[in-house]
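K.L.:
with the input below, show me the fold.
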Amino acid sequence: MTNSLAPDFVHRFEPGPDPAAPPLLLLHGTGGDEADLLPLGRALSPGSALLSPRGPVLENGMPRFFRRLAEGVFDEADVRRRAADLAAFVAQARVAYGLAAPVAVGFSNGANIAAATLLLHPEALAGAVLLRAMVPLAEAPPADLVGRPVLLLSGAFDPIVPAENAERLAAGLERAGARVTHTVNPAGHGLSQADLSAAGPWLARNFGR
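P.N.:
Model (predicted):
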């Protein structure tokens, strides 16, 4: 179903056939929308409820979850504001749809807002699959992510996310206490079969389904 719990978040919600499966919060990349990652979510965890918002920021007509100043240069004040908005949306959706805290599955810009939300509002998410994520904030706030599972999937040939940046993100999440698995697949910035092959079993091991 397509709906809007809050003015800034048009979204899709698909109930899950397995109540024991973790709800997934699907966060698209630049230019995607609320339908973009539904097939990925269903492939990763067939029994899960899927909650998929559309990014409320437009860049040249393309939806995003926060503003950027240039390629790889984020408007960090906007990152903080939009992460708070996303956490509030998740809280609303959990009440409206009767959901447990979801696992974020984010790609590119969606992975970056998921990482920011983990660090700024850790109560909003049970964990995350971060596909091609970068460090969202130069000064990471202190966060308590003790025991929170996070899968970071990077591309060895990614022209957008430097390897050092992804490694810094993994290290920052680990310092906050998250149980981070960082895998570098032989891929560019786009998603690959290797990502699907890694993320599905990781979700099953860490959250059951």
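K.L.:
rest of the way, CA atoms for contacts and neighbours
P.N.:
Will do.
K.L.:
tell me the secondary structure for the most centrally placed residue in the chain?
P.N.:
Residue closest to the mean C-alpha point of the chain, counted by CA atoms, centre = their mean, is residue 106 at 3.0 Å. In the three-state summary, residue 106 is assigned as strand, counting by DSSP: H, G, I helix; E, B strand; the rest coil.
K.L.:
so it sits against residue 24, correct?
P.N.:
No: applying CA atoms under 8 Å as the test, residue 106 and residue 24 come out as separate, 9.8 Å apart.
K.L.:
pLDDT-wise, which helix or strand of the protein ranks last?
P.N.:
strand 2-4 (a mean of 56; mean pLDDT, DSSP states H and E).
K.L.:
need the contact list for residue 66.
P.N.:
Counting by CA atoms under 8 Å, 6 or more residues apart in numbering, residue 66 touches 55-57, 75, 78-79, 82, 109, 113.
K.L.:
hmm, try it at 6 Å
P.N.:
57, 79 (CA atoms under 6 Å, 6 or more residues apart in numbering).
K.L.:
now it: how far from residue 141?
P.N.:
According to CA to CA, to the nearest Å, residue 66 and residue 141 sit 18 Å apart.
K.L.:
can you get me a residue count around residue 125?
P.N.:
22 (other CA atoms under 10 Å).
K.L.:
what do you get for residue 92?
P.N.:
Using other CA under 10 Å as the criterion, residue 92 is surrounded by 15 other residues.
K.L.:
can I take it that it is in a helix?
P.N.:
Yes: the assignment for residue 92 (three-state DSSP) places it in a helix.
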